[in-house]
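> Make a model of this:
(4 chains)
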Protein chains: 4
Amino acid sequence: MFSEKMKPRFSDTDALGHISNTAIPIWFEGARDEIFKLFLPDLDLSKWPLILAKTEIEFHRQLYFQQEVEIKTYICKLGNASFQVYQEVWQQAKKCVSGTATMVNFCYQTQKSQAIDDDIRAKLSEHIYIPS
Amino acid sequence: MFSEKMKPRFSDTDALGHISNTAIPIWFEGARDEIFKLFLPDLDLSKWPLILAKTEIEFHRQLYFQQEVEIKTYICKLGNASFQVYQEVWQQAKKCVSGTATMVNFCYQTQKSQAIDDDIRAKLSEHIYIPS
Amino acid sequence: MFSEKMKPRFSDTDALGHISNTAIPIWFEGARDEIFKLFLPDLDLSKWPLILAKTEIEFHRQLYFQQEVEIKTYICKLGNASFQVYQEVWQQAKKCVSGTATMVNFCYQTQKSQAIDDDIRAKLSEHIYIPS
Amino acid sequence: MFSEKMKPRFSDTDALGHISNTAIPIWFEGARDEIFKLFLPDLDLSKWPLILAKTEIEFHRQLYFQQEVEIKTYICKLGNASFQVYQEVWQQAKKCVSGTATMVNFCYQTQKSQAIDDDIRAKLSEHIYIPS
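The predicted structure is shown next:
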């Protein structure tokens, strides 16, 4: 599991006084950095090897500006060329949002998917967690 | 069906040279305005009657900065207190992204869901479309 | 003068119930597209010839979600390698925000500024306006 | 001086491969939280006492996604009802962006500015710094 603690920003709020749902994909992508580094330790943008295929996000409770949040990041599925990242946002000891992102190991030059290397697969598998 | 045509903004791109996945929930929420107006014609924020429960987004093709996009918005499911909005982003005559948003008719004062009024239900049902 | 009419999005609001100040640089950059096209008609990102050096933004009145806005874009200063764009946001017939962006004709390969071509200079000068 | 260290997010980049200029007002507003708390320790949104009147931002060097940034926040001018916040973004030991935000002590109910209380003024004055 990867954990990132951060404070929401004022600009993450919307006119309903809570955190905008549109902030969550931004937070989740930010917290996937640790996954990106398993594929590309120097995060060299010219060699970026991943593309997002699908996201699912469930909003369980409203999030607010005033308190810190923790984003928990796991691998919940590991295929040949693709894998699923499971993430949660916690605030005040409550799970407020959860979601999965399906990512594909992708070559932007050839525009094709490619099998995940065994050494990366081994590292990803250390973070496996199946949400109940 | 509701249709909104718009041009992507430079700030919608990311370092991969395409439109960031994080722009899509922003575009989709913007295009749901027409749904919001069925519930609240004057869009009075102090009476906002909807909350987002879940989103699912599939990325079929990359979107680019240079060409206009069209966002198509439908109702794909209509329950007692909740409904699902189905949306697509088209660019250069190709469907690039599709997604659903599950919305709940919600009272922010009582923090409870409430049944959708019959007249609103009738208007929503005019935009029903079941994606295949 | 270039004019762009657009509707604010729900995600442009913040918890104060008005449009977030952080939305304005995004709107302004979006409306500078017409300037970008004078330099680069096909908006080819691999040949991008401009970089932002400075921005100044004044917030005269609050902007709200419910009404359309118009963004007016002018050239207010034209130097050898740089120029200034002056922009305003209008809503409900009132000027709500104004600002300038200082842009430099820039080569990302050499990381150096370069003189603006005479034909582009001629086109830019058609949009000159000096705010009082 | 207030200091905030943070990592840029992938979504902060744009198609030029660097951090988008539109991210800076978001980072700067986020880092002004410590100033906001001097006025309103619990950050209660219903009592928000500040409005932004003007921003000026200078982009000295490009910022990149891969390295942590530090945002430094100072008070550079202290008036009767208004004050100026001076901020810098540092990356790799270099000052990349600097800017000022003019803020007004503002009552959203009456829509009028109001003098800054002496105790808050005293706290603000502990963070005075005049950029050369």
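> ok, the residue nearest to residue A:50 when sequence neighbours are not counted - contacts?
Leaving aside its chain neighbours, residue A:50 sits nearest to residue A:103 (5.2 Å; criterion: CB to CB, 6 or more residues apart in numbering or on different chains). C-beta coordinates here come from the backbone N, C-alpha and C atoms, glycine included. If a contact means CB atoms under 8 Å, 6 or more residues apart in numbering or on different chains, then residue A:103 has A:32, A:35, A:50-53, A:82-85 as its contacts.
> quick check: mean pLDDT across the longest strand seen in chain A?
For chain A, the longest strand by residue count, based on DSSP state E, is strand A:94-107. For strand A:94-107, the mean per-residue pLDDT is 97.
> contacts for the helix or strand that that strand is followed by?
Counting by DSSP states H and E, the element after strand A:94-107 in chain order, helix or strand, is strand A:112-113. For strand A:112-113, the external contacting residues (CB under 8 Å, 6+ apart) are A:81-82, A:104-107.
> and if we set it to 10 Å?
The contact list for strand A:112-113 (CB atoms under 10 Å, 6 or more residues apart in numbering or on different chains) reads A:51, A:53, A:80-82, A:104-107.
> partners of it, with directions?
Strand pairing for strand A:112-113, using DSSP bridges, gives strand A:94-107 (antiparallel).
> my read: residue A:117 touches residue A:80, true?
No. Counting by CB atoms under 10 Å, residue A:117 does not reach residue A:80; the two are 11.4 Å apart.
> Find the residues that touch each one of those two.
Contacts common to residue A:117 and residue A:80, judged by CB under 10 Å, 6+ apart, are residue A:105.
> Going along the chain, name the strands of chain A.
Counting by DSSP E, the strands of chain A are A:2-6, A:50-59, A:69-78, A:82-91, A:94-107, A:112-113.
> wait, what's in contact with the residue in chain A sticking out farthest from the centre?
With CA atoms, centre = their mean as the measure, chain A has its most outlying C-alpha, relative to the mean C-alpha position, at residue A:15: 25.8 Å. By CB under 10 Å, 6+ apart, the contact set of residue A:15 is B:43, B:45-46, B:48, C:10-20, C:64-65.
> Up against chain D, what does chain A have?
A:4, A:6-13, A:17-18, A:25-27, A:29-33, A:36, A:42-46, A:48, A:64-67 (CB under 10 Å from any CB of the partner chain).
> PyMOL command for the buried members of these?
Restricted to buried positions by 16 or more other CB atoms under 10 Å in any protein chain shown, the PyMOL selection for the residues of chain A next to chain D reads:
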select buried, chain A and resi 4+6+8+9+10+11+12+13+17+18+25+26+27+29+30+31+32+33+36+43+45+48+64+65
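> Please narrow the residues of chain A next to chain D to those residing in helices.
Secondary structure defined by DSSP state H assigns A:25-27, A:29-31, A:33, A:36 of the residues of chain A next to chain D to helices.
> ok, the residue lying closest to residue A:27 once chain neighbours are set aside - how many residues close by?
The shortest distance from residue A:27 to any residue other than its chain neighbours is 5.9 Å, reached at residue A:71 (CB to CB, 6+ apart). Using other CB atoms under 10 Å in any protein chain shown, the number of residues around residue A:71 comes to 20.
> where in chain A is pLDDT low?
In the predicted model of chain A, no residue satisfies pLDDT under 70.
> Residue numbers of it in contact with chain C?
Residues of chain A lying near chain C (CB under 10 Å from any CB): A:9-23, A:64-65.
> again, 8 Å this time
Counting by CB under 8 Å from any CB of the partner chain, chain A comes close to chain C at A:10-11, A:13-18, A:20, A:22, A:65.
> Adding distance to residue B:58, write those out as JSON lines.
Putting these into JSON lines (distance: CB to CB, whole Å) gives the following:
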{"residue": "A:10", "distance to residue B:58": "32"}
{"residue": "A:11", "distance to residue B:58": "28"}
{"residue": "A:13", "distance to residue B:58": "28"}
{"residue": "A:14", "distance to residue B:58": "25"}
{"residue": "A:15", "distance to residue B:58": "29"}
{"residue": "A:16", "distance to residue B:58": "27"}
{"residue": "A:17", "distance to residue B:58": "31"}
{"residue": "A:18", "distance to residue B:58": "27"}
{"residue": "A:20", "distance to residue B:58": "22"}
{"residue": "A:22", "distance to residue B:58": "18"}
{"residue": "A:65", "distance to residue B:58": "31"}
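> nearest to residue D:92, of those residues?
residue A:11 (25.5 Å; CB to CB).
> I'd like to know how far the nearest residue to the closest one once chain neighbours are set aside sits from residue C:14.
Once flanking residues are discounted, residue A:11 sits nearest to residue C:22: 4.4 Å by CB to CB, 6+ apart. Remark: distance between residue C:22 and residue C:14 (CB to CB, to the nearest Å) = 8 Å.
> Measure how the longest strand of chain A sits relative to strand A:82-91, angle-wise.
150 degrees (axes from the mean of the first three to the mean of the last three CA atoms, to 10 degrees).
> any idea how far strand A:94-107 is from the chain center?
5 Å (CA atoms, centre = their mean, to the nearest Å).
> Can you give me the buried ones in that strand?
So for strand A:94-107, counting by 16+ other CB under 10 Å, buried means A:96-106.
> CA atoms only for that strand, dumped as PDB, please.
Included here for strand A:94-107 are C-alpha records, laid out as PDB according to Å, rounded to 0.1, in the frame of the first residue of the first chain:
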ATOM      1  CA  LYS A  94     -13.700   7.800   7.500                       C
ATOM      2  CA  LYS A  95     -13.400   6.400   4.000                       C
ATOM      3  CA  CYS A  96     -15.000   9.100   1.900                       C
ATOM      4  CA  VAL A  97     -14.200   8.100  -1.700                       C
ATOM      5  CA  SER A  98     -13.000   4.900  -3.300                       C
ATOM      6  CA  GLY A  99     -12.200   4.100  -6.900                       C
ATOM      7  CA  THR A 100     -10.300   1.900  -9.400                       C
ATOM      8  CA  ALA A 101      -8.200   3.000 -12.400                       C
ATOM      9  CA  THR A 102      -7.500   0.500 -15.200                       C
ATOM     10  CA  MET A 103      -4.100   1.200 -16.600                       C
ATOM     11  CA  VAL A 104      -2.400  -0.300 -19.700                       C
ATOM     12  CA  ASN A 105       1.300  -0.700 -20.300                       C
ATOM     13  CA  PHE A 106       1.400   1.300 -23.600                       C
ATOM     14  CA  CYS A 107       3.900   2.400 -26.200                       C
END
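> Run the angle between it and strand A:50-59 for me.
Going by the same axes, to 10 degrees, strand A:94-107 makes 160 degrees with strand A:50-59.
> quick one, what contacts the spatially closest residue to residue A:99 that is not a sequence neighbour?
Nearest non-adjacent residue to residue A:99, counting by CB to CB, 6+ apart: residue A:57, 3.8 Å away. Taking CB under 8 Å, 6+ apart as the criterion, residue A:57 is in contact with A:21, A:24-25, A:28, A:97-99, B:54-56.
> For the contacts of residue A:103, could you give me JSON lines that also reports distance to residue D:91?
JSON lines is the format used below for those (distance: CB to CB, whole Å):
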{"residue": "A:32", "distance to residue D:91": "21"}
{"residue": "A:35", "distance to residue D:91": "23"}
{"residue": "A:50", "distance to residue D:91": "24"}
{"residue": "A:51", "distance to residue D:91": "27"}
{"residue": "A:52", "distance to residue D:91": "26"}
{"residue": "A:53", "distance to residue D:91": "32"}
{"residue": "A:82", "distance to residue D:91": "33"}
{"residue": "A:83", "distance to residue D:91": "31"}
{"residue": "A:84", "distance to residue D:91": "33"}
{"residue": "A:85", "distance to residue D:91": "27"}
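> That concludes my questions; thank you for your assistance.
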